[in-house]
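Engineer: would you be able to build a 3D model of this:
(one chain, ligands or ions: 1)
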Amino acid sequence: MDLGIKGKKAIVNGGSSGMGRGAVLALAKEGVEIFVSARGEERLVRSCEEISELTNALITPIVADHSTDKGRELILSLCPEPDIFVGTCAPPSFTGDFHSVSMEAWTETLSIALQSPVQFMNEILPGMCDRKWGRVVNIATAAAKYPSAARILSGPPRAALVNYTVAVSKEVAKHNVCVNNILPGMHITDPIIEMFTNIAKENGTTMDEEIKNVCNEHKIAAGRFGDPDDVGSVVAMLCSEFSNYITGQSLIVDGGVTNSTF
Ligand SMILES: NC(=O)c1ccc[n+]([C@@H]2O[C@H](COP(=O)([O-])OP(=O)(O)OC[C@H]3O[C@@H](n4cnc5c(N)ncnc54)[C@H](OP(=O)(O)O)[C@@H]3O)[C@@H](O)[C@H]2O)c1
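Structural biologist: Residues are numbered from 1 along each chain as shown. Model (predicted):
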């Protein structure tokens, strides 16, 4: 199915790995030109080349930290008029006792997970409104909606981001600019593989056994963790021509852990 976004320009921040990479792949398959940022050059360049070869899409890697002014300036200088913006970062660290979280850790997570996407939206939304077309998708976390002490550095900044995006989405909707969030549950990405490999080592089990235990414990109805491409496809859908009447939404992608009838 053609999503109607061939030739559009996209910035994907945090796109060399995991769900950001999944988003790059899904958009590249649709013929979108993509500017992908990450801090680590080797993985970024490799990933962009792989996806470019697979899809023939034009992809520009940008080595930049999108949580800094310098990084944001570089990204926007290379793609000043994006039609699509997708923002993500590495999962913030898991936390033990809530009262032991340091001020440095709070400052870091707020600058990467909240201030950065807010700054990008401030910069790019006016141009999207002038051009009468725009899509923004923030890949955040289910912990924004379902708080847990272990995810205190991840959920609260994203709950604020969701609040901000809903408020802003109402301002820009009349210009055919849609702003949405994806709130993922557990997905198999590098940090999760590392975490479950370590747990398996400690317990003398395998990673698959540990993941199965979590699926049972957390009642993941799909019986598995998600794949980065599961999220990538949803990003592409929300960036498509057909999603022009969905805005200010935060879609949980968690294999059926959380339920509500409506
Ligand atoms: N995986 C899960 O199970 C899960 C569950 C719930 C929510 N989430 C959320 O989903 C998002 C993506 O997680 P993931 O597991 O896909 O992460 P990942 O595999 O670690 O990928 C993170 C990507 O962001 C880049 N990045 C991180 N900080 C950056 C920065 N300041 N500037 C530019 N690029 C940056 C990383 O590259 P560099 O390190 O080279 O910069 C990498 O490309 C996170 O927000 C996480 O909290 C994940």
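
Engineer: enumerate the residues of the chain near the ligand.
Structural biologist: Within the chain, the residues that sit near the ligand (Cβ under 6 Å from any ligand atom) are 13-20, 37-40, 43, 65-67, 88-91, 112, 139, 141-142, 154, 184, 186-187, 189-192. All C-beta atoms are positioned from the backbone trio N, CA, C, and that covers glycine.

Engineer: got the domain boundaries for this protein?
Structural biologist: 9-186+228-253, 188-225 (automatic domain parsing).

Engineer: pick the most deeply packed of those domains.
Structural biologist: Burial of the domains of the chain is given as mean neighbour count (mean count of other Cβ atoms under 10 Å); domain 9-186+228-253 ranks first at a mean of 19.

Engineer: could you list the low-confidence segments of the stretch 1-150 of the chain?
Structural biologist: Under the criterion pLDDT under 70, no range of the stretch 1-150 of the chain is flagged.

Engineer: how does it look with 90?
Structural biologist: Within the stretch 1-150 of the chain, the stretches with pLDDT under 90 are 1, 96-98.

Engineer: closest point of it to the ligand, which residue?
Structural biologist: Closest approach between the stretch 1-150 of the chain and the ligand, counting by Cβ to the nearest ligand atom: residue 18, at 2.1 Å.

Engineer: these two touch, right, that residue and residue 230?
Structural biologist: No: counting by Cβ atoms under 8 Å, residue 18 stays clear of residue 230, with 11.5 Å between them.

Engineer: list residues touching both of these two?
Structural biologist: residue 187 (Cβ atoms under 8 Å, 6 or more residues apart in numbering).

Engineer: hang on, residue 252 is in a strand, isn't it?
Structural biologist: Yes: counting by DSSP: H, G, I helix; E, B strand; the rest coil, residue 252 is part of a strand.

Engineer: residues near the closest residue to residue 146 other than its chain neighbours, how many?
Structural biologist: Nearest non-adjacent residue to residue 146, counting by Cβ to Cβ, 6 or more residues apart in numbering: residue 258, 6.1 Å away. Look at residue 258: counted by other Cβ atoms under 10 Å, it has 15 neighbours.

Engineer: using the three-state scheme, assign residue 258.
Structural biologist: What three-state DSSP gives for residue 258 is coil.

Engineer: tell me how far it lies from the ligand.
Structural biologist: Distance of residue 258 to the ligand, computed by Cβ to the nearest ligand atom, to the nearest Å: 12 Å.

Engineer: could you measure from residue 109 over to residue 174?
Structural biologist: Distance, residue 109 to residue 174, using Cβ to Cβ, to the nearest Å: 33 Å.

Engineer: still on that earlier bit, ok, the residue nearest to residue 146 touching residue 221?
Structural biologist: No: applying Cβ under 8 Å as the test, residue 258 and residue 221 come out as separate, 9.9 Å apart.

Engineer: which neighbours do those two share?
Structural biologist: Overlap of the contact sets of residue 258 and residue 221 (by Cβ under 8 Å, 6+ apart) is empty.

Engineer: show me what contacts residue 214?
Structural biologist: Residue 214 sits next to 186, 220, 225 when contact means Cβ under 8 Å, 6+ apart.

Engineer: which among these gets closest to residue 2?
Structural biologist: Closest to residue 2 out of those is residue 225 (30.1 Å), distances taken as Cβ to Cβ.

Engineer: was I right to think that closest one contacts residue 255?
Structural biologist: Yes: between residue 225 and residue 255 there is a contact under Cβ under 8 Å: 7.5 Å.

Engineer: list residues touching both of the two?
Structural biologist: With Cβ under 8 Å, 6+ apart, residue 225 and residue 255 have common neighbours residue 186.
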